[in-house]
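> Need coordinates for the below:
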Amino acid sequence: MLNHQRIDLGRAPRQPRIVAPGSDCALFLAQSMRSLPVTASLFPSSRFLAAALLRQIDFESAFVIVELGVGTGAITRQILRRLGPRTVLYGVDLNPHFVSHVRHRIRDSRFFPILGRAECLSSLLRERGVGRADAIVSSLGLTSMAPEQRSKILRQVAEHLGPNGLLTQYQYLHAGSNSRLLASLGFSPFAEREFLGRYFREVSSERVFWNMPPATVYTCRL
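Got it, this is the predicted structure:
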């Protein structure tokens with residue numbers, strides 16, 4: 001088990017070799033059209049949303065960071081730009097097209113893409129010798145999930161965060177608990193802040209209007 005021991009890679013890591021993301025939006029749109037309830041958006045996350053998600057993470061002292069819902073790597077790239085040379089990032093996504101995409105387009109010795117479901121987080125991390133994470137960054141569409149699915153995910157997230165660890169998670173503004181639009185589309189409104197508060201003693205929020213669509217970012221601490 002890693003248990004917060006810094007990984008010795010034996011050499012300085014290669015800096016990210018990121019191919020120009022010309023096809024990122026096309027891939028994301030194609031996969032979103034196939035499974036919109038899973039991707040929860042037609043557009044990759046903006047740099048403004050990424051900045052809000054990562055603002056409160058202490059990258060100086062982090063050993064292990066986990067990203068849930070890698071997509072085409074929009075948030076992944078921003079994490080790697082902030083990541084220390086001996087810190088590792090595990091990126092989990094259930095879509096094989098997304099995992100293959102980031103595996104080929106983001107070449108960084110600190111990044112480990114994983115094909116798997118977020119509700120299997122404990123086993124995915126255990127298989128890789130990871131006991132605790134310093135931060136978990138989630139782009140999962142909790143709003144569209146069944147209650148038992150999102151509860152299972154959050155229980156494991158809380159279990160695998162270190163004492164000073166945090167979760168960052170966002171929800172689109174139109175998907176809030178008072179959303180008439182969501183109800184008109186046949187979805188049940190979801191009070192995400194209240195849900196996160198069941199698992200974390202402190203939940204703060206920040207709105208990001210410069211994103212498509214606008215979102216609220218929640219930062220959660222045990």
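> How much space separates residue 69 from residue 210?
Going from residue 69 to residue 210 by C-beta to C-beta, to the nearest Å gives 20 Å. Heads up, the C-betas are built off the backbone N, CA and C, glycines and all.
> hey, what's the residue nearest to the spatial centre of the chain bridged with?
Per C-alpha atoms, centre = their mean, the C-alpha nearest to the average position across the chain is that of residue 138, at 2.5 Å. Going by DSSP bridges, residue 138 is paired in beta bridges with residue 68, residue 169.
> Tell me who's in contact with it.
67-69, 118, 157, 167-170 (C-beta atoms under 8 Å, 6 or more residues apart in numbering).
> per-residue pLDDT, it?
On pLDDT, residue 138 comes in at 97.
> Which among the contacts of residue 138 count as buried?
Buried by 16 or more other C-beta atoms under 10 Å: 67-69, 118, 157, 167-170, out of the contacts of residue 138.
> Make CSV from those residues and add distance to residue 109 and pLDDT to it.
Formatted as CSV, the buried ones among the contacts of residue 138 follow (distance: C-beta to C-beta, whole Å; pLDDT from 0 to 100):
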residue, distance to residue 109, pLDDT
67, 16, 98
68, 21, 98
69, 22, 94
118, 24, 97
157, 26, 98
167, 26, 98
168, 24, 98
169, 27, 97
170, 28, 93
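> In JSON lines, list these along with distance to residue 93.
JSON lines is the format used below for the buried ones among the contacts of residue 138 (distance: C-beta to C-beta, whole Å):
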{"residue": "67", "distance to residue 93": "9"}
{"residue": "68", "distance to residue 93": "8"}
{"residue": "69", "distance to residue 93": "6"}
{"residue": "118", "distance to residue 93": "9"}
{"residue": "157", "distance to residue 93": "16"}
{"residue": "167", "distance to residue 93": "17"}
{"residue": "168", "distance to residue 93": "17"}
{"residue": "169", "distance to residue 93": "15"}
{"residue": "170", "distance to residue 93": "16"}
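> between those, which is closest to residue 222?
residue 167 (8.8 Å; C-beta to C-beta).
> Isn't that closest one up against residue 136?
Yes - counting by C-beta atoms under 8 Å, residue 167 touches residue 136, with 4.9 Å between them.
> okay, and the common contacts of the two?
By C-beta under 8 Å, 6+ apart, the residues touching both residue 167 and residue 136 are 157, 161.
> for the protein, what are the low-confidence residue spans?
Filtered on pLDDT under 70, the chain yields the residue ranges 1-44, 176-188.
> all strands for it, in order.
Counting by DSSP state E, the chain has strands at residues 17-18, 64-68, 88-93, 106-107, 111-115, 133-138, 161-172, 202-208, 215-221.
> can I get these in JSON lines with distance to residue 56?
As requested, these are exported to JSON lines (distance: least, C-beta to C-beta, whole Å):
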{"stretch": "strand 17-18", "distance to residue 56": "24"}
{"stretch": "strand 64-68", "distance to residue 56": "13"}
{"stretch": "strand 88-93", "distance to residue 56": "17"}
{"stretch": "strand 106-107", "distance to residue 56": "23"}
{"stretch": "strand 111-115", "distance to residue 56": "21"}
{"stretch": "strand 133-138", "distance to residue 56": "9"}
{"stretch": "strand 161-172", "distance to residue 56": "6"}
{"stretch": "strand 202-208", "distance to residue 56": "8"}
{"stretch": "strand 215-221", "distance to residue 56": "5"}
